[in-house]
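Visitor: Here is my input; please provide its structure:
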Amino acid sequence: MNIIDAHTHIGKKSFCDVENSDFNYNLFSTYDEIIELMDNNDIDKSIVTPIPHKDFNTEQTNEYVFEAFQRYPNRLIPFCRIDRYLEENLNKGFRGVKLHLLYEDIEIKNIKKELQLIEDANVPLLVHARFLNKVKQIEQILKYAPNINIILAHMGRGHLYTGEQTIENALALRKYPNLYMDLSTVGDLQAIINVCEIIGYDRVIYASDYPFGKNYLNGEYNYSDELNILKHHLSGENGENVFHKNIESLLNKKEEVFIRRAKNDDVDSVVCIFNNISDMDRKFLAYNNKATLIKQIIRSGRHCYLAVHNNTIVGFLRESGRPGGFSLLEEIVVLPEYRGKGVATKLLKYYHNAFDKNMAKTNSSNKKMISLLCQNYYKAINPDGPRIINWIRNGE
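Guide: Just a heads-up that it's a prediction; the model follows:
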């Protein structure tokens with residue numbers, strides 16, 4: 001069975017900028033040590049994250065993780081911490097982000113822009129929540145970035161090596177399909193199984209948090225002990241999901257068609273989409289009357305979303321606010337060669353996750369759009385409208 005350890009730490013004591021730091025946990029480890037650990041336990045790959053503490057230099061910790069990836073590109077998967085170089089790091093090749101809300105002393109309300117950068121990059125965010133109100137913390141992140149893929153570290157457990165709080169977290173968060181949990185330092189097999197049953201074996205991820213356990217448990221720690229217990233009780237398809245398929249799916253989402261916010265320099269690519277659709281489609285969208293407005297709104301960095309595949313923009317959606325908390329779906333368009341591949345459905349799924357009360361208007365002759373809206377639970381207010389049909393969707 002392939003195994004990916006989705007949560008390990010590497011870093012050096014010299015990265016600490018504070019002489020008398022109050023950081024009590026030794027997470028120091030070299031990447032060569034991680035590789036040796038992996039080889040001794042038949043681990044195929046590991047996600048490596050920096051030492052996540054405010055006293056440790058963020059740039060140095062990130063640089064060391066990326067150095068590890070460059071040294072072992074087929075074995076180590078780099079996650080970075082949030083700093084002023086976040087966008088640059090994501091473009092450079094970091095495959096995800098680690099956020100430790102307690103150790104890094106970060107307030108969620110202060111990183112809205114960063115959360116949306118991570119969401120738009122379509123990479124996972126590994127979150128170690130504060131001890132209390134973990135569900136509220138996750139929901140606050142989702143408020144700012146509703147389509148971000150979150151891995152809740154340690155299943156959000158309470159005390160170390162217990163299943164405390166894990167069941168409550170799973171029950172409260174299972175309604176969010178982009179919320180996953182890693183099982184590191186839970187140490188309670190029955191709690192792990194229970195969480196798998198609650199949120200699904202396709203949303204639980206194997207992880208160790210190495211070297212935390214080695215330093216916390218001292219002589220009582222053996223990396224292979226918990227791994228062997230889990231391998232014994234998680235077999236077949238469930239085991240494949242937990243040990244590698246779930247994290248592989250998250251890491252590979254960027255290779256699929258994904259949705260992000262439109263930016264100023266996307267204008268020409270969006271115009272190209274409209275230029276490549278039929279005259280009838282442009283008529284349905286009233287594009288000739290709205291072309292200038294659409295360009296202006298894209299440049300504003302608001303209200304517009306793009307479907308991207310292999311760095312090519314293949315779909316576009318624009319919305320606008322309406323009274324009563326509703327959002328009006330203004331336009332949705334997909335390049336002809338990408339139609340029938342679920343791109344419009346992905347755009348709508350992203351849109352509905354961000355705005356749960358929706359309205360739309362269609363030309364009564366636009367049968368394809370009418371069918372798409374019906375499939376996505378819109379209800380016609382005036383189904384027999386002679387020219388324009390108005391639609392509403394109440395988050396159903």
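Visitor: in the stretch 201-350 of the chain, which spans are helices?
Guide: 212-217, 223-233, 236-240, 246-251, 267-275, 279-285, 287-300, 343-354 (DSSP state H, counting those that start in this stretch).
Visitor: Could you say which of these is packed most deeply?
Guide: helix 246-251 (a mean of 21; mean count of other CB atoms under 10 Å). From N, CA and C alone the C-beta is placed, and that goes for glycine too.
Visitor: just checking, what packs against that one?
Guide: strand 4-9, strand 204-205 (3 or more CB pairs under 8 Å, 6 or more residues apart in numbering; DSSP states H and E).
Visitor: Output that helix as PDB - backbone C-alpha positions only.
Guide: Written as PDB, here are the backbone C-alpha positions of helix 246-251 (Å, rounded to 0.1, in the frame of the first residue of the first chain):
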ATOM      1  CA  ASN A 246      -7.400  11.600  -0.100                       C
ATOM      2  CA  ILE A 247      -4.300  13.800   0.100                       C
ATOM      3  CA  GLU A 248      -3.300  13.000  -3.500                       C
ATOM      4  CA  SER A 249      -6.700  14.200  -4.600                       C
ATOM      5  CA  LEU A 250      -6.200  17.500  -2.700                       C
ATOM      6  CA  LEU A 251      -2.700  18.000  -4.000                       C
END
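Visitor: low pLDDT regions in this protein?
Guide: 395-396 (pLDDT under 70).
Visitor: that older thread, with mean neighbour count and distance to residue 354 as new columns, can the helices and strands packed on helix 246-251 be given to me in a markdown table?
Guide: Formatted as a markdown table, the helices and strands packed on helix 246-251 follow (neighbours: other CB atoms under 10 Å; distance: least, CB to CB, whole Å):
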| stretch | mean neighbour count | distance to residue 354 |
| --- | --- | --- |
| strand 4-9 | 27 | 27 |
| strand 204-205 | 28 | 25 |
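Visitor: Export the ones you listed as CSV, with columns for distance to residue 140.
Guide: Listed next are those as CSV, based on distance: least, CB to CB, whole Å:
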stretch, distance to residue 140
strand 4-9, 22
strand 204-205, 22
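Visitor: Identify whichever of those strands lies nearest to residue 106.
Guide: With CB to CB as the measure, strand 4-9 is the member of the helices and strands packed on helix 246-251 nearest residue 106 (17.4 Å).
Visitor: can I get the CA coordinates of the closest one in CSV?
Guide: Provided in CSV are the C-alpha atoms of strand 4-9 (Å, rounded to 0.1, in the frame of the first residue of the first chain):
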residue,chain,number,x,y,z
ILE,A,4,1.9,9.5,2.4
ASP,A,5,2.5,11.1,5.7
ALA,A,6,0.6,14.4,5.4
HIS,A,7,2.0,16.3,8.4
THR,A,8,5.7,16.4,9.4
HIS,A,9,8.0,19.2,10.5
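Visitor: so the helix or strand just after it versus helix 223-233, what angle?
Guide: Past strand 4-9, further along toward the C-terminus, the next helix or strand under DSSP states H and E is helix 31-40. Interaxial angle, helix 31-40 versus helix 223-233 (axes from the mean of the first three to the mean of the last three CA atoms, to 10 degrees): 40 degrees.
Visitor: Good, we can wrap up now.
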